[in-house]
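Enquirer: Sequence first, predicted model second:
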Amino acid sequence: MFSLSKKGDLERLFVLIAIIGTLIVIFAAGISVCAKRLPRRSSTPPPPPPEIPQTNYGNEEDINAFLRDYERSIEDHDIYSLMNCYSPDFTKESMNYDQYRAYMSDFFDQFPYIDVTITGATYETYPNNCIRLTFYQKLHLKNNNKDYTDSGHVQMLLSNDSGRLQILSESWQAN
């Protein structure tokens, strides 16, 4: 705590208050600008979607083909096909595209057998050529005669800017 003992201290306090006020206004304006970029949800709930609903940016066949390629590339340990599913702008946690490629290469080396099952896929489309794809994924892994099973919900943000679906980001929530 400080005390106001000099005239200069009072002036500095007013300057500090003015700076803090300006920062609050700038911060609030930034939040306002970011909020305008977010897609708005309709006030009326949509009807329940089929397993894979239609979209303007990729039809049911496109998304099913994308999921088959993604699943097959993991099971086949095909790092080139897998990374073809990802955008060069991909990020996951603290990893970028190149770091994630190295991570998945190591993962493939660790587990000679990988079985992937994807079920319950649904998606939402956004006006900026993005799709949020959500599905349940079960992994069965074998390593040195040990079996591992892991399952959880995957959420991906897909881009369709290049005319093909590519993963911009993904998250995994284990069950």
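Expert: Structure received.
Enquirer: Now residue 108: closest residue in space that isn't a chain neighbour?
Expert: residue 77 (4.3 Å; CB to CB, 6 or more residues apart in numbering). Using the backbone N, CA and C atoms, a C-beta is placed for each residue, glycine as well.
Enquirer: Surely that neighbour touches residue 107?
Expert: No. The pair residue 77 and residue 107 fails to qualify as a contact (CB atoms under 8 Å) at a distance of 9.2 Å.
Enquirer: These two: which has the busier surroundings?
Expert: Applying other CB atoms under 10 Å to residue 77 and residue 107 shows that residue 77 carries more neighbours, namely 17 against 14.
Enquirer: SS state for the residue nearest to residue 108?
Expert: coil (DSSP: H, G, I helix; E, B strand; the rest coil).
Enquirer: and it, backbone torsions?
Expert: Dihedral pair for residue 77: phi 60, psi 40, per degrees, to the nearest 10.
Enquirer: Pull out the buried residues from stretch 115-122.
Expert: 116, 121 (16 or more other CB atoms under 10 Å).
Enquirer: Name the residues that touch that stretch?
Expert: With CB atoms under 8 Å, 6 or more residues apart in numbering as the test, stretch 115-122 has contacts from 49, 51-53, 63-64, 67, 70-71, 74-75, 133-141.
Enquirer: mind giving me the domain ranges of this structure?
Expert: Here the domain parsing of the chain from automatic domain parsing is 9-38, 60-174.
Enquirer: quick one: the strands in the chain?
Expert: 86-92, 95-96, 113-126, 130-143, 146-159, 166-174 (DSSP state E).
Enquirer: Could you dump the ones you listed into TSV with mean pLDDT and distance to residue 103 added?
Expert: Shown next, in TSV, are the strands of the chain (pLDDT from 0 to 100; distance: least, CB to CB, whole Å):
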stretch	mean pLDDT	distance to residue 103
strand 86-92	92	9
strand 95-96	93	6
strand 113-126	92	14
strand 130-143	93	15
strand 146-159	93	16
strand 166-174	92	12
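Enquirer: Minimum distance to residue 102: which of those strands has it?
Expert: strand 95-96 (8.6 Å; CB to CB).
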